[in-house]
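>>> Predicted structure and sequence below. I'll ask about it afterward.
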Amino acid sequence: MTAVPINAPAAVVRLRARPVPVTLAAQLLRRPAAVVSLLVLAGLAVLAVFGPALAPHGAEDQDYANILAKPIWDGGTWTYPLGTDELGRDLLSRMIVGSRTALGLAFAAALLTGVVGTALGLLAGLYTRVVGPVIMWVVDAQLGFPYLVLALALVAARGPSLSTVFLVLALFGWVQFARVVRAEVLRVKTADYVLAARGAGASDLMIVLRHILPNVLSTTIVVGTFTFSAVLLVESGLSFLGAGVQPPTADWGAMMAGGRVFLNTSWWYSVVPGVMVVITVLAVNTLGSAVRSVLNPREAR
Amino acid sequence: MSGRFLLRRAAHLIAVLFGVMTLLFVLLRVSGDPAASIAGQDATPEAVEAIREQLGLNRPLWAQYLTFLGDLVRFDFGESFQSRQDALGMILKQLPASLELVAVSFLFALLVAIPLGIAAGMTRNRVYQRFVDTVVLFGQAVPVFWFAIVLVFIFAVTLGAVPSIRTPDPLSWVLPVVTLALHPIARLLQFTRAGLAESLREDFTRTARAKGLGRGRVVSRHALRPVATSLVTVAGLDLGQMLSAVVLIETIFAWPGIGQLLVHAVTARDYPLVEATTFIFALIVVVINFVVDLTYERIDPRVRVH
């Protein structure tokens, strides 16, 4: 970004940079790693949205004649390409439908926690007398807990249910947004253009919306991608422990837990859903790194 | 160590502990209905009311809060619902197993990641850089419990080389330690490489080299020093995250630590035990952060000014 001299002609001052999203998209499309991860994520999104329609069987349909059926590479049939679980449910279908549970929860929670965390970070950065320290005190307190432990405590208090899982995941991650955004606000708060706007009589709200938020936004996009994968890992960990998504709902973490007992005979049962988590997290993190290096070339690496 | 610095850190420590206890109170007492949760889904309203009475949950919130704080400060968590034993005693019995596992895994991670990271910061070998990139990328994307399952399948079930659960056999440490160390290895590796590569481009390393020092000496005496500060931060964060992961690892490998205790307590709705275990976990993290802060001061004198 180049500084515009104060006495520059009006025409130069009015020259607007293209909005961040447009330049960002254009630059991302030039990076093969980013394109591949975008394609993978698009595929996963299709699975999550149309899962039940795409799955060959109902995720909760039981076929007692085919319990723990072998997958296709182990002498199984195309009826159940990945075999079945101990209740005769099609593993492929459960994996496809489970993507909606896992990705849907993680996406919604990451979005909510990002908005809340950004708002709190803005407040903490702007009002450094009382509000800021109080918010940072809560941040420090939450960071005092290993996150999974905090999540388990909340599950113990509320009982495991879908709404509890969502609450737990939404509580996660806002801390990172709040800290990063606060630091960013403290940095830009005294920048010349903010001081100039203030001098011109702009209100606090106006300054936040027009000058501070756009500068903070690129940071939140990067934090957001990494938060999404972190939330997904917490979600599957919680479900793996039996404290997350409850049966019979199909979910990747829960499937990994279910298959653990059958590691001797049907290793794919718990290994394959994990591959889905790994693919998702790899794609999201790769995209996050690409976004970061586009927005902030110096920090790349 | 300057007295004022220590005093400020101690004040911060107390503030954080107070915050931790308050947050715990909000989560455990206010966010849901513990009495209903303890009683279970099929309980009659009378049964729920009885539990509420018994635990003092019908008292005003501020009174509950004060009692809660008082109990935590005195480490008085009451008896476990299930075993009727003192909750703190149960934790203290299992705590060493968790601490040992985390400590050994952490040492293992440091011993693996730092030499590999230093090598990566110094070399321009593309194959080796690719290898490090892969470890960093996968190490952070793989869920620890899934990695544990895969290792169990390969090394315990298929090859029969190591036990898959905790036994007196020292080999039963291998899989838990390796899985628990995966995330820290990836992150420490990433930060060591990036930090070293950056400080090798700085003027002071160029000066050191210009005055005729050997490559090894330039790295060990000059380039690595600024890296140490950021490594302490990352290491502190990693230790905190390992305490999350240890819950999963202990469950998988039947490791008799407090993570397993917590999972059992949550499943059994053993309220006093949940409260106690959660608090002890938080206490460990807060102490680790405190130590990290003090370490900063030792290795980076600039911190003392702030």
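Thanks, I have it.
>>> Which of the three states applies to residue 237?
All of this is about chain A. helix (DSSP: H, G, I helix; E, B strand; the rest coil).
>>> Name the residues of the stretch 151-300 of chain A found near chain B, please.
Counting by C-beta under 8 Å from any C-beta of the partner chain, the residues of the stretch 151-300 of chain A lying close to chain B are A:152-159, A:164, A:167, A:229, A:233, A:236-237, A:240-243, A:256, A:260, A:263-264, A:267, A:270-271, A:274, A:277-278, A:281-282, A:285-286. From N, CA and C alone the C-beta is placed, and that goes for glycine too.
>>> just the buried members of those residues?
A:152-159, A:164, A:167, A:229, A:233, A:236-237, A:240-243, A:256, A:260, A:263, A:267, A:270-271, A:274, A:277-278, A:281-282, A:285-286 (16 or more other C-beta atoms under 10 Å in any protein chain shown).
>>> Out of those, name the ones that lie in helices.
The subset of these located in helices under the criterion DSSP state H comprises A:152-158, A:164, A:167, A:229, A:233, A:236-237, A:240, A:256, A:260, A:267, A:270-271, A:274, A:277-278, A:281-282, A:285-286.
>>> closest point of the stretch 51-200 of chain A to chain B, which residue?
Nearest residue of the stretch 51-200 of chain A to chain B, counting by C-beta to the nearest C-beta: A:Ala141, 3.0 Å away.
>>> Check that residue and give its pLDDT.
Confidence per residue is given as pLDDT, and for A:Ala141 that number is 88.
>>> Correct me if wrong: it contacts B:Leu23.
Yes: in this structure, A:Ala141 sits in contact with B:Leu23. The criterion is C-beta atoms under 8 Å, and the distance is 4.6 Å.
>>> So those two - more neighbours on which side?
Counted by other C-beta atoms under 10 Å in any protein chain shown, A:Ala141 and B:Leu23 do not tie: A:Ala141 has more neighbours, with 23 against 20.
>>> where's that one, which helix or strand?
Taking DSSP states H and E as the criterion, the element that holds A:Ala141 is helix A:131-143.
>>> Is stretch A:57-72 in proximity to chain B?
No: contact of stretch A:57-72 with chain B (C-beta under 8 Å from any C-beta) is absent, the minimum separation being 14.8 Å.
>>> Next, the buried residues of that stretch.
With the criterion 16+ other C-beta under 10 Å, stretch A:57-72 contains buried residues A:His57, A:Ala59, A:Gln62, A:Asn66, A:Leu68, A:Ala69, A:Lys70, A:Pro71.
>>> Can you check what pLDDT the model gives the second one?
Here the pLDDT value assigned to A:Ala59 is 80.
>>> Just say helix, strand or coil for B:Leu83.
Actually, residue B:83 is Ser rather than Leu. coil.
>>> tally of neighbours for B:Pro52?
If you look again at residue B:52, you'll see it is Arg, not Pro. One way to gauge burial is a neighbour count; for B:Arg52, by other C-beta under 10 Å, it gives 18.
>>> same deal with A:Leu122?
Counted with other C-beta under 10 Å, the neighbours of A:Leu122 add up to 21.
>>> element containing it?
helix A:91-126.
>>> these two touch, right, A:Met159 and B:Ala35?
Careful, residue A:159 is Gly; it's not Met. No: between A:Gly159 and B:Ala35 there is no contact under C-beta under 8 Å: 11.4 Å.
>>> hang on, the earlier thing: for the helix holding A:Ala141, which helices and strands make contact with it?
For helix A:131-143, the packing partners by 3 or more C-beta pairs under 8 Å, 6 or more residues apart in numbering or on different chains; DSSP states H and E come out as helix A:91-126, helix A:174-188, helix B:3-25.
>>> Can you name the residues of the stretch 151-300 of chain B sitting close to chain A?
B:152-153, B:157, B:194, B:197, B:240-241, B:243-245, B:247-248, B:251-252, B:262-263, B:265-267, B:269, B:271, B:274-275, B:277-278, B:281-282, B:285-286, B:289.
>>> Among those residues, the buried ones, what's the PyMOL command?
The PyMOL selection below is limited to those of those classed as buried (16+ other C-beta under 10 Å):
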select buried, chain B and resi 152+153+194+197+240+241+243+244+245+247+248+251+252+262+263+265+266+269+271+274+275+277+278+281+282+285+286+289
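>>> Verify the stated contact: A:Gly98 with A:Ala250.
Yes: A:Gly98 lies in contact with A:Ala250 (C-beta under 8 Å); the separation is 4.0 Å.
>>> Mutual contacts of those two, please.
Overlap between the neighbourhoods of A:Gly98 and A:Ala250 consists of A:Ala59, taking contacts as C-beta atoms under 8 Å, 6 or more residues apart in numbering or on different chains.
>>> ok, the residue nearest to A:Pro52 when sequence neighbours are not counted - how many residues close by?
Nearest residue to A:Pro52 in three dimensions, chain neighbours excluded: A:Val97, at 5.8 Å (C-beta to C-beta, 6 or more residues apart in numbering or on different chains). Residues contacting A:Val97 under the criterion other C-beta under 10 Å number 23.
>>> again with A:Ala33
Using other C-beta under 10 Å, A:Ala33 is surrounded by 13 other residues.
>>> Any figure for the gap between it and chain B?
10 Å (C-beta to the nearest C-beta, to the nearest Å).
>>> List the contacts of that residue.
The contact partners of A:Ala33, by C-beta under 8 Å, 6+ apart, come to A:Thr286, A:Ala290.
>>> In terms of helices and strands, where is it?
A:Ala33 belongs to helix A:32-54, assigned by DSSP H and E.
>>> Buried residues in that helix, which are they?
Using 16+ other C-beta under 10 Å, the residues of helix A:32-54 that count as buried are A:Ala34, A:Ser37, A:Leu38, A:Val40, A:Leu41, A:Leu44, A:Leu47, A:Ala48, A:Gly51.
>>> and what of stretch A:85-95?
Counting neighbours by 16+ other C-beta under 10 Å, stretch A:85-95 gives A:Asp85, A:Gly88, A:Arg89, A:Asp90, A:Leu91, A:Leu92, A:Ser93, A:Arg94, A:Met95 as buried.
>>> can you name the two of those that are farthest apart?
Checking those against each other with C-beta to C-beta, the farthest-apart pair comes out as A:Gly88 and A:Met95, at 15.5 Å.
>>> Work out for me the element A:Thr227 sits within.
Using DSSP H and E, A:Thr227 sits in helix A:213-240.
>>> ok now that helix, how far from the chain's centre?
On the basis of C-alpha atoms, centre = their mean, to the nearest Å, helix A:213-240 is displaced by 4 Å from the centre of the chain it belongs to.
>>> ok, residue 72 - contacts?
Looking at chain A here, since you left the chain open. Residues in contact with A:Ile72 (C-beta under 8 Å, 6+ apart) are A:Trp78, A:Pro81, A:Leu82.
>>> was after chain B, sorry
Residues in contact with B:Leu72, defined by C-beta under 8 Å, 6+ apart, are B:Met21, B:Leu24, B:Phe279.
>>> my read: B:Arg221 touches B:Leu213, true?
Yes: taking contact to mean C-beta under 8 Å, the distance of 7.4 Å between B:Arg221 and B:Leu213 places them in contact.
>>> So for these two, which residue has more residues nearby?
With neighbours defined as other C-beta under 10 Å, B:Arg221 and B:Leu213 compare such that B:Leu213 has more, 16 against 12.
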